[in-house]
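Trainee: fold the following.
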Amino acid sequence: DPALAGYLARTAGLDAEQVEHALSHRSGLLALTGSNDMRQARARDDDEARLALAVYTRRIRKYVGASYALLGRVDAIVFTGGVGEHDAATRAESLAGLERLGIAVDAALNEADATGERAVSPPGAEVPVLVVPTDEEGEIARQTLERCPA
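Mentor: Prediction:
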């Protein structure tokens, strides 16, 4: 909501830098559960944690649907990073209800104890759903070598 920054400044007495810090570092999962760690949120069994998880996955679902509508097609959906690579429940919940768009998660593939790049959508799915591990340190090293050859 674009009015949020003004609201925070007025009601909480925050200046622009404090509003930016609050929105960038103190909101989202942290604000709703007290932790930025998805594992901790999933381990809790309370209304705050359930709300936080619902907000998190709904936001992903909203952006997938909006991107689909704007682009007119989706070639693939890729989950990466800590949560994307390791949290089957988040992957499934984030795409639930999008089956009419050709987007689905196969429960067995999604829950399998697998590592590496893999598909978690049903075989032959219209839109492949993939899990792709990240290698941030390796990418930083590759880009450094490209820009600063020995």
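
Trainee: quick one: A76 and L130 touch, right?
Mentor: Yes. Between A76 and L130 there is a contact under Cβ atoms under 8 Å: 5.8 Å. (C-beta placed from N, C-alpha, C; glycine too.)

Trainee: show me whatever sits in contact with both of those two.
Mentor: Taking Cβ atoms under 8 Å, 6 or more residues apart in numbering as the criterion, A76 and L130 do not both touch any residue.

Trainee: report the contact partners of the closest residue to A107 other than its chain neighbours.
Mentor: Closest residue in space to A107, ignoring its immediate chain neighbours: A92 at 7.0 Å, by Cβ to Cβ, 6 or more residues apart in numbering. By Cβ under 8 Å, 6+ apart, the contact set of A92 is V105, A107, N110.

Trainee: element containing the first one?
Mentor: For V105, there is no host helix or strand (DSSP states H and E).

Trainee: quick one: the residue nearest to it when sequence neighbours are not counted from L32, how far?
Mentor: The shortest distance from V105 to any non-neighbouring residue, by Cβ to Cβ, 6+ apart, is to A92 (4.9 Å). A92 sits 20 Å away from L32, going by Cβ to Cβ, to the nearest Å.

Trainee: what's the answer for G84, then?
Mentor: From G84 to L32 the distance is 19 Å (Cβ to Cβ).

Trainee: please apply the same query to A41.
Mentor: Applying Cβ to Cβ to A41 and L32 gives a distance of 8 Å.

Trainee: pick out whichever of these two has more residues nearby.
Mentor: Ranked by neighbour count (other Cβ atoms under 10 Å), A41 and L32 place A41 first, with 23 against 18.

Trainee: next, the buried residues of whichever strand or helix holds the more buried one.
Mentor: Element membership of A41, judged by DSSP H and E, is helix 38-43. By 16 or more other Cβ atoms under 10 Å, the buried positions in helix 38-43 come out as M38, A41, R42.

Trainee: now, which of the residues you listed sits nearest L101?
Mentor: M38 (24.9 Å; Cβ to Cβ).

Trainee: so the closest one is in contact with T90, correct?
Mentor: Yes. The pair M38 / T90 is scored as a contact, 6.7 Å apart, by Cβ under 8 Å.

Trainee: intersection of neighbour lists for these two?
Mentor: What both M38 and T90 touch, as defined by Cβ under 8 Å, 6+ apart, is the set Y56, V83.
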